[in-house]
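Engineer: quick check, what structure comes out for this input:
(one chain, ligands or ions: 3)
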Amino acid sequence: MLLPDYKKARSRGHEEVQKEKYEIPKKYEKIGKGKTYYVKTYGCQMNEHDTENIKAMLEQLGFSECDSYENSDLVLLNTCSIRENAHNKAFGMLGRLKHLKEENPNLLVGVCGCMAQEEGVVKEIMNHYRFVNFVFGTHNIHRLPEVLYESIHEKKQEIEVYSKEGNIIEDMPVKRANSFKAYVNIIYGCDKFCTYCIVPYTRGKQRSRAMDDILKEVKELISEGYQEVTLLGQNVNAYGKDLKDGYGLSDLLEEVAKTGIPRIRFMTSHPWDFTDEMIDVIAKYDNIMPSIHLPVQSGSNRILKLMGRRYTREEYLTLFHKMKERIPRVTISTDIIVGFPTETEEDFQETVDLVEECKFDNAFSFIFSPREGTAAAKIKDDTSEEEKQERLYRLNEVLNNYFLMNHQKMVGSIVPVLVEGSNASMKTSLYGYTDTNVLINFDGDTSLIGKIIPVKITEAKTWSIDGELVKETSKE
Ligand code: SAH
Ligand code: SF4
Ligand code: F3S
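Structural biologist: Ligands and ions are numbered 1, 2, ... in the order given. Okay, here's the model as predicted:
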């Protein structure tokens, strides 16, 4: 049994991160033969991508995917710790699985992902969720076959969570959710320690993948016909800082652009280390999409300081306007937290003012959720829950207004769209994303799915736009 330890998780050592090749030990190859699995994913793109690795590993073990958890032999929850409601959802699901297991004692239940890295959660599972067969963390996903095998053969609750990150594992098998757009990890972990955030504890220290390994993966994706890659990391701007070869994100973006993959996206960027070189590279290459996610979190300098974000409102605005000037047609989206401890109405108004200045193209807004073990969770706070809800509501009114306004400006233009699918109810109704990352709906044949085509924008809505196919031959 290996339990998570926050003290160890918080420490940042100088030990070098090694690279390790994934290989499935032969003796485990048949443990899932004839059995089915279901993985439920909570959380960010990083978790979604981990699930793609997990599914492929389970299939190597002989399991096959089932589309309902009620009929599966193995149910695995890939959890998220970012806010209280992510926790509640996962525990709610465990409650349902408990009943299911009473009916079917052979059901295997596993928990992994960020919640598995939390001391409190693992204790709770050990004390109150004894029916859970196994738990593994974000640092040892590659150990799934062993952990599963142990729990089956020893007939006991198997818990294996590394508190500290291990090696970077290359060549993990992957079962991608999509056949034309793919996630590619470029950096693991985070060293920023924003005071509200649990991620540096659950994902460990910052570790970049070697550029060669990333480029190899992108080239393979191109050969398989992929149209889009999203380069993933909690703070992609820090890419390369821990490597000896001196490459940074601007170099990586440039090399990925040169592979010729039609679309490159990247997320998430911390405003603090977004360099001029990165802006120049994004502006220079047509296949780096003009769409940047740049979380601001707050418009108040006092709150930004308490959040440990390391930039001021003024610095954020300077960067924001520089991007808008230098990158043609760029759209910028953001994340905002309201109700951070001690946030006053004046602080909140500064956030609203900043939103009015930036007129964001998209945004995710949240109410602060205290996370055990983080610095902000210890700050005393007098603002009522009701007041926080009120602020969130007011903020969203302002944000939504700008989404619609920005979309209205697009009406009449022709934009390249990667067609992602068709709406189930209406077969001829397709949807996709513009280069600037706006969701667009239009009528067309399903044979267009997976292709990049020009679409004329006809109508603006708050969260999407409508368009129609351009009949002439495509330009992009
Ligand atoms: N690495 C990304 C964000 C990851 S979490 C970055 O630095 O931008 C995604 C978003 O969740 C954050 O941007 C923040 O707005 C929100 N978030 C993180 N911790 C939170 C908390 N404790 N309470 C409320 N929102 C939180
Ligand atoms: Fe969390 Fe801050 Fe790291 Fe983002 S940069 S993952 S918000 S600590
Ligand atoms: Fe959640 Fe972990 Fe991602 S906490 S947001 S799944 S890194």
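
Engineer: what's around the closest residue to Asn71 other than its chain neighbours, how many residues?
Structural biologist: Spatial nearest neighbour of Asn71, excluding adjacent residues (Cβ to Cβ, 6 or more residues apart in numbering): Thr36 at 7.0 Å. C-beta coordinates here come from the backbone N, C-alpha and C atoms, glycine included. Neighbourhood size, Thr36 [other Cβ atoms under 10 Å]: 18.

Engineer: beta-bridge partners for Thr36, please?
Structural biologist: For Thr36, the beta-bridge assignment (DSSP bridges) gives partners Ser64.

Engineer: start the count at 38, not 1, going forward
Structural biologist: Yes, from this point I'll number from 38; that puts the last item at Thr73.

Engineer: tell me the contacts of it?
Structural biologist: Counting by Cβ atoms under 8 Å, 6 or more residues apart in numbering, Thr73 touches Phe100, Ser101, Glu102, Cys103, Asn108, Ser109, Asp110, Leu111.

Engineer: what is the burial count for the fifth one?
Structural biologist: Number of residues near Asn108 (other Cβ under 10 Å) recorded here: 10.

Engineer: what's the spacing between it and ligand 1?
Structural biologist: 33 Å (Cβ to the nearest ligand atom, to the nearest Å).

Engineer: hmm, back to that, where does the residue nearest to Asn108 land on pLDDT?
Structural biologist: The model reports Thr73 with a pLDDT of 98.

Engineer: and Lys67, by the same measure?
Structural biologist: 89.

Engineer: quick one: contacts for it?
Structural biologist: Shown in contact with Lys67 (Cβ under 8 Å, 6+ apart): Leu98, Gly99.

Engineer: report the secondary structure state of it.
Structural biologist: Put simply, Lys67 is coil when judged by DSSP: H, G, I helix; E, B strand; the rest coil.

Engineer: mind listing what's buried in stretch 52-59?
Structural biologist: For stretch 52-59, burial by neighbour count (16 or more other Cβ atoms under 10 Å) applies to Val54.

Engineer: distance between it and the chain's centre?
Structural biologist: Distance, stretch centre to chain centre, for stretch 52-59: 23 Å (Cα atoms, centre = their mean, to the nearest Å).

Engineer: what's the average pLDDT for it?
Structural biologist: Mean per-residue pLDDT for stretch 52-59: 85.

Engineer: buried residues, the helix or strand where His86 lies. List them.
Structural biologist: Assigned by DSSP states H and E, His86 belongs to helix 82-97. Neighbour counts using 16+ other Cβ under 10 Å place 83-84, 86-95, 97 of helix 82-97 among the buried residues.

Engineer: what's the answer for stretch 368-377, then?
Structural biologist: Neighbour counts over stretch 368-377 (16+ other Cβ under 10 Å) mark Thr368, Ile369, Ser370, Thr371, Ile373, Ile374, Val375, Gly376, Phe377 as buried.

Engineer: and the third one, that's in a strand?
Structural biologist: When you say that, I think you mean Ser370. Yes - with three-state DSSP as the criterion, Ser370 is located in a strand.
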